[in-house]
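Asks: sharing a model prediction with you, sequence too.
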Amino acid sequence: MLEPVNVSLESLNLMTLAPMLIPIIGALFILIIDIVKPNLDKTLYVMLSLLFLLLDLGAIAESAGIFAVNGTVMGVFDVMLIDGLAILSQLIIVGASLLFIPLALTHSRFHEFSYPEFFALFLFMISGFQFMVATDNLILIFVGLETASLALYTLIAMHNRDKSFEAAVKYFTMGALAAGFFSFGSMVFYALTGSVEINQIASVLAASNYADMGYVLVGTVFMLGSIGFKVSLVPFHTWTPDVYEGASAALAGYMSIVPKIAAFIVAMRFFEFLIHSGVVWLEVILYIAVVVTMTASNMWALVQSDVKRMLAYSSISHAGFVMAAILIGTTQSNSAFFLYWILFSFTNLGAFSMLWISRQKHLPNHQRTDHSYDKFAGMIKKSPVAAVIMGLFMLSLAGVPPFALFWGKLYMISSAVTSGYTVLALIMALNSAIAAYYYLKLIVYMFMKEPVTGNHEHVYAINATLALKTIIGFAAIGTVFALVALNPLLEFITTFVYNSGY
């Protein structure tokens, strides 16, 4: 007869669960309020979402304090994990969400924001991403991945345009394939090692001196395929431009930041131990994936006639750029990854929010798509402030000094040179130069071309509410003055990454 096992609450270390539980409680609270008192003003739901996100931020700060004192902490039967990667990535996830939610305070005709379900799903999605980054257990990563993905598919469809439904279906189909790849890859590693925890898998494979290298190759290819879908690595990127085009501009900007950081952390935990073990073929595969993703997406971005699709391809290129950090696998490259993604979050969310400002419900006859380059022609004459801010975001994305992303690119390239990846550093620099062309193309349209007949001033500022202006202003300030905070930010990041053993 089995003896009962007494588990103390203290040994469970439930504090490790707090950051994920807060958004779940918030989502349920919003749904209960809607059941008890339906048809309340959406402003209430925006404020409640912000409140729970701030509480979440407080819980993450508490976790950071625990990590600073005790180092890496496990909890809840050792499936939850507090380490530097979990804390930094959760700060980016919740920080970007705090920037995104106030965008809901736009004109009422963006009807998805009038549904309380939108905010509930949004909070469920954040919790899913947090579960992904705060564990090294493959089952819990999968649960977090599916929780976040299912919520995100619905958020895209709620935009209620033909292209939105198409985008949601494409994303769902590709997401289902990625989930299948992930579960199959996890199964292979469980069969090999008898564990679903990445640290244990690493230990068992190292102890056996990678005896079953053929099976390791199969499992790794499936895992790479799954993560490649989530971070839009070529050739798994095909859904990205169509999904970004179908989603609202603000949600597309958010999708370019938050789902990817969660997938990158999983990749960092999973692939770096294999690379450090001298698995040469994985290094070769990742090298090819990084170079092809950066270069091919830049080429596609060059020929786009729609600014939103151009930004979609550009975000694929940035994903390839930071994937180099996982290939290099040093503390410096991992720190460069977080620095780059924080600076990219400000800049890219700001750029997509500028598209959100100018979104039109009914297109004029001369305009083929909602965000064609022609729409921005002569913008400096009609709406000079908007033109200057959009130009600022483009210069930052292009990596022009002294704007934010230049420092991220510089530190990433220097980490490649330091680790002996000189050719990769040259390819990264060359791709940055190519990317500058299509960013500057938009600046040329805004500042040097005459307005297309039929363009009117209101086209650039249809939805310029105070909340939207505040968010864009905040992103612009972050983009311009990043240099001031660069050293303390880098020290903060490096401390957390180094103390986590990455």
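Replies: Thanks, I have it.
Asks: buried stuff in the helix or strand hosting Ala429?
Replies: Ala429 belongs to helix 422-448 when assigned by DSSP states H and E. Buried positions in helix 422-448, judged by neighbour count with 16 or more other CB atoms under 10 Å: 424-425, 427-428, 431-432, 435-436, 438-439, 441-443, 445-447. Glycine gets a C-beta too; all of them are placed from N, C-alpha and C.
Asks: gap between that helix and the chain center?
Replies: Its chain's C-alpha centre and that of helix 422-448 lie 21 Å apart, by CA atoms, centre = their mean, to the nearest Å.
Asks: pLDDT on the next helix or strand after it, on average?
Replies: Per DSSP H and E, the first helix or strand lying C-terminal to helix 422-448 is helix 466-480. Mean per-residue pLDDT for helix 466-480: 75.
Asks: kindly report the same for stretch 299-314.
Replies: 87.
Asks: please apply the same query to stretch 60-78.
Replies: 80.
Asks: and it, how far apart are its ends?
Replies: Counting by CA to CA, to the nearest Å, you get 18 Å between the two ends of stretch 60-78.
Asks: for the host helix or strand of Leu54, buried residues please.
Replies: Per DSSP H and E, Leu54 falls inside helix 42-70. Residues of helix 42-70 classed as buried: 42, 45-46, 48-50, 52-53, 55-57, 59-60, 63-64, 66-67 (neighbour count, 16+ other CB under 10 Å).
Asks: which strands and helices lie in contact with it?
Replies: Secondary-structure packing of helix 42-70 (3 or more CB pairs under 8 Å, 6 or more residues apart in numbering; DSSP states H and E): helix 18-36, strand 80-82, helix 84-100, helix 116-133, helix 482-499.
Asks: after it, heading C-terminal, what element do we hit next?
Replies: Next helix or strand after helix 42-70 toward the C-terminus (DSSP H and E): strand 73-75.
Asks: so what strands line up beside that next one?
Replies: strand 80-82 (antiparallel) (DSSP bridges).
Asks: next, the buried residues of the strand it pairs with.
Replies: 80-82.
Asks: for the stretch 351-500 of the chain, what are the low-confidence residue spans?
Replies: Counting by pLDDT under 70, the low-confidence segments of the stretch 351-500 of the chain come to 358-370, 452-465, 467.
Asks: what do you get if the cut-off is 50, keeping everything else the same?
Replies: 456-458 (pLDDT under 50).
Asks: how far does stretch 384-404 sit from its chain's centre?
Replies: Stretch 384-404 sits 21 Å away from the centroid of its parent chain (CA atoms, centre = their mean).
Asks: could you number the chain from 56 rather than 1 from now on?
Replies: All set: I'll call the first residue 56, so the last point we hit is now stretch 439-459.
Asks: hey, C-alpha coordinates of it in PDB?
Replies: Extracted C-alpha coordinates of stretch 439-459, given in PDB (Å, rounded to 0.1, in the frame of the first residue of the first chain):
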ATOM      1  CA  PRO A 439       4.400  67.400 -40.100                       C
ATOM      2  CA  VAL A 440       4.500  66.000 -36.600                       C
ATOM      3  CA  ALA A 441       3.300  62.600 -37.700                       C
ATOM      4  CA  ALA A 442       5.800  62.600 -40.500                       C
ATOM      5  CA  VAL A 443       8.700  63.400 -38.200                       C
ATOM      6  CA  ILE A 444       7.700  60.800 -35.700                       C
ATOM      7  CA  MET A 445       7.300  58.100 -38.400                       C
ATOM      8  CA  GLY A 446      10.600  59.100 -39.900                       C
ATOM      9  CA  LEU A 447      12.200  58.800 -36.400                       C
ATOM     10  CA  PHE A 448      10.900  55.200 -36.100                       C
ATOM     11  CA  MET A 449      12.200  54.300 -39.600                       C
ATOM     12  CA  LEU A 450      15.600  55.700 -38.900                       C
ATOM     13  CA  SER A 451      15.800  53.700 -35.700                       C
ATOM     14  CA  LEU A 452      14.700  50.500 -37.400                       C
ATOM     15  CA  ALA A 453      17.300  51.100 -40.100                       C
ATOM     16  CA  GLY A 454      20.000  51.300 -37.300                       C
ATOM     17  CA  VAL A 455      21.000  54.900 -38.000                       C
ATOM     18  CA  PRO A 456      23.000  56.400 -35.000                       C
ATOM     19  CA  PRO A 457      22.200  57.700 -32.400                       C
ATOM     20  CA  PHE A 458      18.700  56.200 -32.400                       C
ATOM     21  CA  ALA A 459      17.800  53.200 -30.200                       C
END
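Asks: in this structure, which helix is the longest?
Replies: When the chain is parsed with DSSP state H, its longest helix is helix 217-248.
Asks: by contact count, what packs against that one?
Replies: Other elements packing on helix 217-248 under the criterion 3+ CB pairs under 8 Å, 6+ apart are helix 193-212, helix 253-262, helix 268-286, helix 294-301.
Asks: can you do 10 Å?
Replies: Judged by 3 or more CB pairs under 10 Å, 6 or more residues apart in numbering; DSSP states H and E, the packing partners of helix 217-248 are helix 193-212, helix 253-262, helix 268-286, helix 294-301, helix 304-310, helix 313-331.
Asks: next up, the contacts around Phe376.
Replies: 345, 348-349, 352, 392, 395, 399, 454, 460, 463-464, 467-468, 483, 486-487, 490 (CB atoms under 10 Å, 6 or more residues apart in numbering).
Asks: tell me the angle of the helix or strand it falls within relative to helix 477-503?
Replies: Element membership for Phe376 (DSSP H and E) is helix 362-383. With axes from the mean of the first three to the mean of the last three CA atoms, to 10 degrees applied, the angle from helix 362-383 to helix 477-503 works out at 160 degrees.
Asks: just list what whatever helix or strand comes next after helix 362-383 packs against, helices and strands only.
Replies: Per DSSP H and E, the first helix or strand lying C-terminal to helix 362-383 is helix 386-412. The contact analysis (3+ CB pairs under 10 Å, 6+ apart) places helix 386-412 against helix 139-155, helix 304-310, helix 313-331, helix 362-383, helix 439-452, helix 459-473, helix 521-535, helix 537-554.
Asks: can you give me the buried ones in helix 386-412?
Replies: Using 16+ other CB under 10 Å as the test for burial, helix 386-412 gives 387-412.
Asks: centre of the chain to that helix, how far?
Replies: Worked out by CA atoms, centre = their mean, helix 386-412 lies 9 Å from the chain centre.
Asks: against which helices or strands is whatever helix or strand comes next after it packed?
Replies: For helix 386-412, the succeeding helix or strand toward the C-terminus, using DSSP H and E, is helix 434-437. When contacts are defined as 3+ CB pairs under 10 Å, 6+ apart, helix 434-437 sits against helix 439-452, helix 477-503.
Asks: repeat the analysis, applying 6 Å as the threshold.
Replies: Helix 434-437 is packed against helix 477-503, with contacts defined by 3 or more CB pairs under 6 Å, 6 or more residues apart in numbering; DSSP states H and E.
Asks: now do the helix it packs on: which elements does it pack against?
Replies: Applying 3+ CB pairs under 6 Å, 6+ apart, one finds that helix 477-503 makes contact with helix 335-357, helix 434-437, helix 439-452, helix 459-473.
Asks: how about a cut-off of 10 Å?
Replies: helix 335-357, helix 362-383, helix 434-437, helix 439-452, helix 459-473.
Asks: just how off-centre is the second one within its chain?
Replies: Helix 362-383 has its average C-alpha position 11 Å from the chain's average C-alpha position, going by CA atoms, centre = their mean.
Asks: what angle separates it from helix 294-301?
Replies: Going by the same axes, to 10 degrees, helix 362-383 makes 140 degrees with helix 294-301.
Asks: hey, C-alpha coordinates of helix 362-383 in PDB?
Replies: Written as PDB, here are the backbone C-alpha positions of helix 362-383 (Å, rounded to 0.1, in the frame of the first residue of the first chain):
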ATOM      1  CA  VAL A 362       4.100  49.800 -45.600                       C
ATOM      2  CA  LYS A 363       2.400  47.300 -43.300                       C
ATOM      3  CA  ARG A 364       3.700  44.300 -45.300                       C
ATOM      4  CA  MET A 365       7.100  45.900 -45.500                       C
ATOM      5  CA  LEU A 366       7.200  46.200 -41.700                       C
ATOM      6  CA  ALA A 367       6.100  42.500 -41.500                       C
ATOM      7  CA  TYR A 368       9.000  41.400 -43.600                       C
ATOM      8  CA  SER A 369      11.300  43.700 -41.700                       C
ATOM      9  CA  SER A 370      10.200  42.100 -38.400                       C
ATOM     10  CA  ILE A 371      11.200  38.700 -39.900                       C
ATOM     11  CA  SER A 372      14.600  40.100 -40.700                       C
ATOM     12  CA  HIS A 373      15.000  41.400 -37.100                       C
ATOM     13  CA  ALA A 374      14.000  37.900 -35.800                       C
ATOM     14  CA  GLY A 375      16.800  36.400 -37.900                       C
ATOM     15  CA  PHE A 376      19.200  39.100 -36.600                       C
ATOM     16  CA  VAL A 377      18.600  38.200 -32.900                       C
ATOM     17  CA  MET A 378      18.500  34.500 -33.600                       C
ATOM     18  CA  ALA A 379      22.200  34.900 -34.100                       C
ATOM     19  CA  ALA A 380      22.500  35.400 -30.300                       C
ATOM     20  CA  ILE A 381      21.300  31.900 -29.800                       C
ATOM     21  CA  LEU A 382      23.700  30.600 -32.400                       C
ATOM     22  CA  ILE A 383      26.600  32.400 -30.700                       C
END
